[in-house]
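> Predicted model and sequence below, questions to follow.
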Amino acid sequence: MVFSYAILWFFGGACTDIFHGGTCLSSESLQGLRNVPLVGMILPYNAWVSIMYFIAPLAGFVLAYFAIKWFNEYFETNEASSLLFIPLILVVLLLGYYINLSWYYGEMATLSTNSQVKVGLNPFLCFFEPDATKCAETTNKINSELITQAQNSGVQTVTQYIKVDYWSELRESIYLTFLLGALAAWAFLFFQPKLATFSGVMGGTEEKHPSVPKAHKFASEHKFVEHKHPVEHKSVEHIEHHKATHEEKELSTMARDVLAEEKEMGKK
């Protein structure tokens, strides 16, 4: 947790004053990330110039940590801390901010609408446009098309869109640090069992088969000891043969005794 928080603080400019920002050590060196595809859509984000930037990732981490733990325990699974679950987490968090922007700018557009001009203003959130320039181009094309349609059809009210660059708004929002804190909680739960297994193997304390009960282990060891002195299993045929041979020997001994006695009697 401390390591992930330090990374977020670094990408937030590494500001030294939690109340006013103060000196931000890495803010200028991170500006080159803005030109990197995909990465530049969220990095570098706003500098941590108030205490809320420092609190938001902690709140995101704690809430996501307990939410994922509860999901895994309640449904008796580890899916919430697996790679399959990360797209769902991202969709939910990004969609939440999308709804927030829609309500905020929708209200602003409603208040800015002038009934005398007969223009209805609505927000247009640029989610798939990578930067503000592309967002403005898309919005202008849509507005021009709407004006043309209104002129051709003779409608009295023309709908016009206010451009809202989703990614620029997200970069400048505290919500992004909350989102990244939640992702850090997922990463911690994802790597925790792997790090525990690795540290156990390196320390020599992890057994090869930790899931095998001690009773089974004792039984296997006991079985191994018994195999050191195997018991000879004789077949039925072997036993019968041995028994017949023993009886023949006894009969031969009795016959010799009888002959010896007869010889003694004959001499007398």
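Sure, I can see it.
> mind checking pLDDT for residue 73?
Among the per-residue scores, residue 73 shows a pLDDT of 92.
> and if you look at residue 132?
For residue 132, the predicted pLDDT is 84.
> Which strand or helix spans residue 22?
strand 21-24 (DSSP states H and E).
> Just list the residues touching residue 43, thanks.
Neighbour list for residue 43: 11, 30, 33-34, 36, 171 [criterion: C-beta atoms under 8 Å, 6 or more residues apart in numbering]. Any C-beta I mention is one placed from the backbone N, CA and C, and that applies to glycine too.
> where do the strands sit along the stretch 101-250 of the chain?
Per DSSP state E, counting those that start in this stretch, the stretch 101-250 of the chain has strands spanning 119-126, 158-165. These are given in chain order.
> remind me which residues of the chain are low pLDDT?
Under the criterion of pLDDT under 70, the regions of the chain flagged as low confidence span 114-118, 203-252, 255, 257-268.
> surely residue 19 meets residue 51?
Yes: Residue 19 is within contact range of residue 51, at 5.6 Å (criterion: C-beta atoms under 8 Å).
> got the buried residues for the strand holding residue 22?
Of the residues in strand 21-24, those buried under the neighbour-count criterion (16 or more other C-beta atoms under 10 Å) are 21, 24.
> And for stretch 60-71?
60-61, 64-65, 68.
> got it, and stretch 151-167?
By 16+ other C-beta under 10 Å, the buried positions in stretch 151-167 come out as 158, 160-167.
> and those residues as JSON lines, adding distance to residue 149?
As requested, the buried residues of stretch 151-167 are arranged in JSON lines below (distance: C-beta to C-beta, whole Å):
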{"residue": "158", "distance to residue 149": "9"}
{"residue": "160", "distance to residue 149": "12"}
{"residue": "161", "distance to residue 149": "13"}
{"residue": "162", "distance to residue 149": "18"}
{"residue": "163", "distance to residue 149": "19"}
{"residue": "164", "distance to residue 149": "22"}
{"residue": "165", "distance to residue 149": "25"}
{"residue": "166", "distance to residue 149": "26"}
{"residue": "167", "distance to residue 149": "29"}
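> thinking again about what came up before, which one among the buried residues of stretch 60-71 gets closest to residue 256?
Distances from residue 256 to the buried residues of stretch 60-71, taken as C-beta to C-beta, are shortest for residue 68 (92.0 Å).
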